[in-house]
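Trainee: Sequence and computational prediction follow.
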There are 2 protein chains.
Amino acid sequence: MKPVTLKEIADQLNISVTTVSKALKDYPDISKKTKALVKELAQTLNYKPNAFAVNLRTKESKTIGLIIPEIVHHFFSSVIKGIVAQAEKKGYLVIILQSNESYELEKKQIQLLLRQRVDGILISLANGTADYNHLTDVLAQDKPLVMFDKIAKLVKCSKVIIDDRKAAYVATQHLIDTGCKRIAHFRGALLPQNSIDRFLGYKKALLDNNMPYDPSLVYICECGDNSFEEGKMNARQLLKDHKDVDGIFINTDLVAIGAITEFNEQGVKIPEDIAVVGFSNWFMSSVISPSLTTIDQPGYEMGKAAFKQLYKEMQQVKNKEAIVYKDIVLETGLIKRQSTKEVLLGEV
Amino acid sequence: MKPVTLKEIADQLNISVTTVSKALKDYPDISKKTKALVKELAQTLNYKPNAFAVNLRTKESKTIGLIIPEIVHHFFSSVIKGIVAQAEKKGYLVIILQSNESYELEKKQIQLLLRQRVDGILISLANGTADYNHLTDVLAQDKPLVMFDKIAKLVKCSKVIIDDRKAAYVATQHLIDTGCKRIAHFRGALLPQNSIDRFLGYKKALLDNNMPYDPSLVYICECGDNSFEEGKMNARQLLKDHKDVDGIFINTDLVAIGAITEFNEQGVKIPEDIAVVGFSNWFMSSVISPSLTTIDQPGYEMGKAAFKQLYKEMQQVKNKEAIVYKDIVLETGLIKRQSTKEVLLGEV
DNA sequence: GTTCATTTCGAAATCGTTTTCGTTAATCAA
DNA sequence: TTGATTAACGAAAACGATTTCGAAATGAAC
């Protein structure tokens, strides 16, 4: 019933615990005969080293913590999958926690993970997080911390991101290239870096094309939950406020889908009356009608890259080297679908 | 740099480690004065008990394992969220692993979790899993194991499920009530219990309504990945094989969405020519056009219930009581949307 | 037969807590 | 004064593994 220990194996073979331990780890000072004996018995008894004991000695937990704002989310669940897959390959287990976009929770969870003595932490920040003491705490303990997607530029640690600004620029440029003259932007919440960068990309694209930037065309959502309803609401408001808008660049696919639904219901033609570009390439976007032109945001790869970087840093800590921080920027692409028109050839 | 230990606190206060430990845990044989001193110093030094040491002593890890076939999946990510939320409330951490629908991986992961000495395991079986020795291994160690959604009826442990059979019956009955005369079924893979039960519900509904059961109308997919493409493929095949089918009950929403997409592309009218009912109520289903009538499968609640049951059993083990297994069946509901017609009133 | 090297094993310390069982000193009753 | 009681603390043994440092046994070399 009780798990088998080294001692039990030792007793059964009339040798010491030391010898058993060494035999299992192929120490050179143990004879081949005893090694064989030990390994066989360990096998038949189904011996599994007690992770706590090992970790206590070696100061390694082979475990990392992962904090994300929301689990039920196409992009984030892809990231989780990438992380978990990569971690398992390297023999690491992943403890997952959801911050619910709450700063307070996030802080508590970091403490939890530190107490659990995880070897490293992967985090995508909550929208509400503006103070970074809980993060610098981690770094002060020489514990690797890698931020991904929703990051804080000010914190000195590795980051895995996409170039939100550039991607937003490309998205907006596509609207312009397909003939849109007056382009709105749904930017979601105010704070997170992504929101800021995407907005800046949108703005720059306008200016680079000698189109006026009109703040009243930028819809901010205090709630900032990037929801389907947010999209519907904003779309409804837009139709009231600005009849002349013929293109929208939207922060997140889900919001874009909300907007499209509203437009569909109100009989607004997409892309003829209004063209729409989303962001993230949720699976859903390929399936709705009209299908959504969007920016591909590689969640799985991001998770993979984030873990790889964390792993590198964990190795550095292990070898008592200094941690080398790195900013990793993943490529994105524009996925053209039905919600935008064809690119004009003659003009421009 | 190194984490603070009891010993450091003890040294600073010139008392013993024992006293520090007791003071922090409010033992009655420590004076109020020392307690105050200890607690204060612990606070300022930011002391966090070493989880390994604690676990090694107490034989409790306050950690559970979770194995699911696929993380990027609306239903499963809802389940994860329910589990993680509930676990955190009770002070448990969740280690998440993805079996990728592979029996071999599932087996390895169980071993991993046992070695990690988790206090309990939550699992939704891989499609390929037909042998249950790895599961009975867990139970033999008196370690609580709760299965959810994709279960093995033969394994003696607690299970959290929905009544797939009944739900499928309701779905099929709805097609019949809305006037469908010849109803097909896309059942996905052959093996998993859900697939079987949903098929049986479908069949029973037909028979109870004196409609012939025609095996050629049941589409099985060897690949069994419940994918969008599977839906498109099956739909294409169906249109070739059976021009007279006017309703389909489909195993999973995603497959149903694939089918709908194919029908849309081929100009088949939904629900006039063919009515469609899905299963699971993915968010997507409310958003596509036409929106999909489906069965609501409460993922979050299932996760919550699964953890609650696991928690109960972990308490039982702690109190050296016998584990009481329980089958928990969650309610489902039919969500009527545009992919099926209105219920006929006059007839039947 | 002595010396030295090599092979093979074990004793013991250690990781950081928890908990049992004493021990000491102070207090109180008689 | 003596004995019993109580309050407050500590020594030490776990938990299960790892690793350092020796020790014993064997063989080789002279």
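Mentor: That came in fine, so what should we check first?
Trainee: can you pull the contacts of the nearest residue to A:Q173 once chain neighbours are set aside?
Mentor: Leaving aside its sequence neighbours, A:Q173 sits nearest to A:A205 (Cβ to Cβ, 6 or more residues apart in numbering or on different chains; 4.9 Å). The C-beta positions use only the backbone N, C-alpha and C, and glycine is treated the same way. By Cβ atoms under 8 Å, 6 or more residues apart in numbering or on different chains, the contact list for A:A205 reads A:168-169, A:172-173, A:176.
Trainee: list the buried ones in the helix or strand hosting A:M314?
Mentor: Using DSSP states H and E, A:M314 falls within helix A:299-318. Residues A:299-311, A:313-314, A:317 are the ones in helix A:299-318 that count as buried (16 or more other Cβ atoms under 10 Å in any protein chain shown).
Trainee: picking that back up, quick check, nearest of the contacts of A:A205 to chain B?
Mentor: Closest approach to chain B among the contacts of A:A205 (Cβ to the nearest Cβ): A:A168, at 23.7 Å.
Trainee: so what strands line up beside whichever strand or helix holds A:I328?
Mentor: If you go by DSSP H and E, A:I328 is part of strand A:327-330. For strand A:327-330, the paired strands and their directions (DSSP bridges) are strand A:158-162 (parallel).
Trainee: Please state the offset of the strand holding A:I328 from the chain centre?
Mentor: 12 Å (Cα atoms, centre = their mean, to the nearest Å).
Trainee: Keeping just the C-alphas, turn that strand into PDB.
Mentor: Extracted in PDB, the C-alpha atoms of strand A:327-330 (Å, rounded to 0.1, in the frame of the first residue of the first chain):
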ATOM      1  CA  ASP A 327      13.200  39.400 -26.100                       C
ATOM      2  CA  ILE A 328      11.700  37.000 -28.600                       C
ATOM      3  CA  VAL A 329       9.400  38.400 -31.200                       C
ATOM      4  CA  LEU A 330       7.400  35.800 -33.200                       C
END
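Trainee: In it, which residues are buried?
Mentor: For strand A:327-330, burial by neighbour count (16+ other Cβ under 10 Å) applies to A:328, A:330.
Trainee: contacts for that strand?
Mentor: Contacts of strand A:327-330 (Cβ under 8 Å, 6+ apart): A:158-163, A:298, A:301-302, A:305, A:309.
Trainee: do that again at 6 Å, thanks
Mentor: For strand A:327-330, contacts defined as Cβ atoms under 6 Å, 6 or more residues apart in numbering or on different chains pick out A:159-163, A:298, A:301-302, A:305.
Trainee: Over to stretch A:29-44?
Mentor: Contact with stretch A:29-44 is made by A:9, A:13, A:20, A:22-23, as judged by Cβ under 6 Å, 6+ apart.
Trainee: ok, now with 7 Å
Mentor: Contact partners of stretch A:29-44, identified using Cβ atoms under 7 Å, 6 or more residues apart in numbering or on different chains, comprise A:9, A:12-13, A:15, A:19-20, A:22-24.
Trainee: what do you get for stretch A:306-323?
Mentor: For stretch A:306-323, contacts defined as Cβ under 7 Å, 6+ apart pick out A:64, A:83, A:86-87, A:90, A:119-120, A:122, A:142, A:144, A:146, A:148, A:158, A:160, A:324, A:326, A:328.
Trainee: Go again with 6 Å.
Mentor: Outside stretch A:306-323, the residues that touch it by Cβ under 6 Å, 6+ apart are A:83, A:86-87, A:90, A:119-120, A:122, A:144, A:146, A:148, A:158, A:160.
Trainee: For DNA strand D, tell me whether that stretch is touching it.
Mentor: No: figure legend: stretch A:306-323 not in contact with DNA strand D (Cβ under 7 Å from any atom of the strand); closest approach 11.6 Å.
Trainee: chain center to that stretch: distance?
Mentor: For stretch A:306-323, the distance to the chain centre is 19 Å (Cα atoms, centre = their mean).
Trainee: what's the answer for stretch A:215-227, then?
Mentor: The gap between where stretch A:215-227 is centred and where its chain is centred comes out at 22 Å by Cα atoms, centre = their mean.
Trainee: What is the end-to-end distance of that stretch?
Mentor: End-to-end span of stretch A:215-227 (Cα to Cα, to the nearest Å): 22 Å.
Trainee: right, is it up against chain B?
Mentor: No: Stretch A:215-227 is not in contact with chain B by Cβ under 6 Å from any Cβ of the partner chain; minimum separation 10.5 Å.
Trainee: average pLDDT across that stretch?
Mentor: For stretch A:215-227, the mean pLDDT works out to 86.
Trainee: Next, the buried residues of it.
Mentor: Residues of stretch A:215-227 classed as buried by neighbour count (16+ other Cβ under 10 Å): A:217, A:219, A:221, A:224-227.
Trainee: Can you flag which of these belong to helices?
Mentor: Residues from the buried residues of stretch A:215-227 lying in helices, with DSSP state H as the criterion: none.
Trainee: Next to DNA strand D, which bits of chain A? Give me the list.
Mentor: Listed as neighbours of DNA strand D in chain A under the rule Cβ under 7 Å from any atom of the strand: A:2-3, A:5-7, A:17-18, A:21-22, A:24-25, A:29, A:47, A:49-50, A:53-54, A:56-58.
Trainee: Mind checking which of the residues you listed are buried?
Mentor: Buried members of the residues of chain A next to DNA strand D, scored by 16+ other Cβ under 10 Å, are A:3, A:5-6, A:21-22, A:24, A:47, A:49-50, A:53-54, A:56.
Trainee: so which of those comes closest to B:K336?
Mentor: For those, the closest approach to B:K336 (Cβ to Cβ) belongs to A:P3, at 52.4 Å.
Trainee: Assign the closest one to helix, strand or coil.
Mentor: When classified by DSSP: H, G, I helix; E, B strand; the rest coil, A:P3 comes out as coil.
Trainee: Tell me how far it lies from A:A53.
Mentor: Between A:P3 and A:A53 the computed distance is 11 Å (Cβ to Cβ, to the nearest Å).
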